[in-house]
Structure formats: structure tokens, C-alpha cells
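> sequence isn't available, so here's the structure alone:
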């Protein structure tokens, strides 16, 4: 009796097993997710660059009265000079050099609070530019220089009786001088500098107490210069003061009723 050949064993794969053997497609991120990641990376990188510039002291080599060439030069007693100008009613021009020399000779201030052992005020300096002044405080943070500054502008209103009203504005002008009348230009003003970074006006409130403390040290000089003077002009490298009501002899202000 002949034996019949056994049929080959046939294996059938279930649909589930077939699906498992197929390579599953890799998920793709959405365009919105990639865009968010890109902006997040750019923001973190920008913040890191900003912090680096903040801890780099600004270049003060252009300031008059602060370099090696000015060492040994004695400053005038600006407190008495300002009083004499007011009492005798004569115009006065103070240069950036003699203001910085006077600050160097007279400043005595220190940083208080919990950071006192690590942070001290080493000097204060002034940069005079056209229509604005920059007051700079130089600190030593664990042996390294750290600079903060605030911009100031002078606005004066000359009334009909030729009496002037002086306002000290804590900003250095707009970020967009090409379009000064636009709403964004009027709102986004330069407040000062943290290190080498120019910061908006609102950020300067963080360091305002230090500058108020500095102003308190020179209260007499500031009162004579900005409360007793009728005409005040900030020019490149000098501060021009005139106590005379009519500002005769080179006033930069318009006639009665105008604004500066």
C-alpha cells in the first residue's frame, strides 16, 4: 500500500501580525511647533547675549577728566562757582572735564544693603552730548567693574513774564529719531545703559534709587544749576548756564512763550 505524500504545512499570518511587520511612519512635527521652538531658541539666545553685554562695562575712554592725562589736575570748587554765578548774575559754562574732575575729588558714596560686602560704588562720571547728559555710576562687583547709567534731558518753558520753568526728563530720546512723531517713537524712549546695553526707560527704574542717592550728595550744586538758572543748554562736552532772566548773550531758547 503506497503512502500518500504529506501536504506541506501552510502558515497563515493574521492581519495584526502583518501590520506589526510594516515599518510605522515617523511622526512629523507641525509647522507651528517648529516655529514656536525656533522663537524659543532665538529668545533664549537673545537673552544670553543681552546678559553678556550687561556685564561688559561701557567704554568710557572718550570721557574728559577721567583718563591718566587728567591725574593730578585739581578741579574748581563747582559748588562755590555756581553760587557766585547766581549771586552775581553772570553766565557760566562748565566743561565735561571739570565736572568729572569735581566728581572724582568729592564723591563719597557706597552701596548699602545685603550686597554691601560685594558691591561698592567706585566713581561717578558724566558724559555731555548734544541736548542730553548721561550720568554713569561705576561699581565694583567682586573686583570687576560694572557700569549703569541714566540719560537726562532738559526741557524749559519760558512764560510771558520771561520766567522759565525747568523740567529734568529722565530719558535720552527715542529709539527711532527718524520718525519722532510716531506713537511708538514717543513711547519707546532710551532710559540709560546697563553695561554696554542701552535699555528702555522703564528698566532705569531698577537703578533709580542709586542715582537719587547720588543726587542727594550733590543737592546744593544741582539746586544752583537747575533751579536757580534761567537758561540751561546741554551741548557737546559742556553745560551752559545763564541765571539772567532775559538770557542775554547767547541763549539757546526761543522768545517768551516758546518751549525748549
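Cool, got the structure. Not measured: the values here are computed from a predicted model.
> what segments of the stretch 51-200 of the chain are helices?
Applying DSSP state H, counting those that start in this stretch to the stretch 51-200 of the chain gives helices spanning 78-88, 96-106, 183-187.
> which of the ones you listed sits most buried?
Mean neighbour count, computed with mean count of other C-beta atoms under 10 Å, is highest for helix 96-106 among the helices of the stretch 51-200 of the chain, reaching a mean of 20. For the C-beta atoms, the positions are set from N, CA and C on the backbone; glycine is no exception.
> want to throw the helices of the stretch 51-200 of the chain into TSV with distance to residue 237 and mean pLDDT?
As requested, those are exported to TSV (distance: least, C-beta to C-beta, whole Å; pLDDT from 0 to 100):
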stretch	distance to residue 237	mean pLDDT
helix 78-88	16	95
helix 96-106	5	92
helix 183-187	27	80
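> would TSV of those helices with distance to residue 122 be doable?
As requested, those are exported to TSV (distance: least, C-beta to C-beta, whole Å):
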stretch	distance to residue 122
helix 78-88	21
helix 96-106	11
helix 183-187	35
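> residue 182: neighbour count?
Residue 182: 12 surrounding residues under other C-beta atoms under 10 Å.
> leaving out sequence neighbours, find the closest residue to it.
Nearest residue to residue 182 in three dimensions, chain neighbours excluded: residue 176, at 6.8 Å (C-beta to C-beta, 6 or more residues apart in numbering).
> neighbours of the one you found, how many?
By other C-beta under 10 Å, the residues close to residue 176 number 13.
> give me the distance between it and residue 191.
To residue 191, residue 176 is 15 Å away according to C-beta to C-beta, to the nearest Å.
> which intervals of the stretch 1-150 of the chain have sub-threshold pLDDT?
Scanning the stretch 1-150 of the chain for pLDDT under 70 picks out 1-30, 108-119.
> let's see 80
For the stretch 1-150 of the chain, the stretches with pLDDT under 80 are 1-47, 50, 67-72, 108-121.
> distance of residue 234 relative to residue 151?
For residue 234, the distance to residue 151 (C-beta to C-beta) stands at 11 Å.
> I figured the residue nearest to residue 182 was touching residue 184, is that so?
Yes: using C-beta atoms under 8 Å, residue 176 is in contact with residue 184, at 6.8 Å.
> flag every buried residue along the strand ranked longest in the chain.
Longest strand in the chain, counting residues (DSSP state E): strand 144-158. Within strand 144-158, the residues that count as buried by 16 or more other C-beta atoms under 10 Å are 145, 146, 147, 148, 149, 150, 151, 152, 153, 154, 156, 158.
> for these, which one is nearest residue 239?
Distance ranking of those against residue 239, using C-beta to C-beta, places residue 154 first at 9.3 Å.
> nearest residue to that closest one other than its sequence neighbours?
Nearest residue to residue 154, sequence neighbours excluded (C-beta to C-beta, 6+ apart): residue 232, at 5.0 Å.
> and that neighbour, that one's in a strand?
Yes: counting by DSSP: H, G, I helix; E, B strand; the rest coil, residue 232 is part of a strand.
> which residues are in contact with it?
Shown in contact with residue 232 (C-beta atoms under 8 Å, 6 or more residues apart in numbering): 154, 156, 166, 225, 226, 239, 240, 241, 242.
> and these, which are buried?
Buried members of the contacts of residue 232, counted by 16+ other C-beta under 10 Å: 154, 156, 166, 225, 226, 239, 240, 241, 242.
> wait, which of those residues is closest to residue 106?
Nearest to residue 106, judged by C-beta to C-beta, of those is residue 225 at 14.7 Å.
> wait, isn't the closest one in contact with residue 241?
Yes: with contact defined as C-beta under 8 Å, residue 225 counts as touching residue 241 (6.1 Å).
> how near is residue 70 to residue 174?
Residue 70 is 33 Å from residue 174, by C-beta to C-beta.
> and the two? which has more neighbours close in?
More crowded of residue 70 and residue 174, by other C-beta under 10 Å: residue 174, with 19 against 16.
> kindly state the pLDDT recorded for the more buried one?
Model confidence at residue 174, given as pLDDT, is 89.
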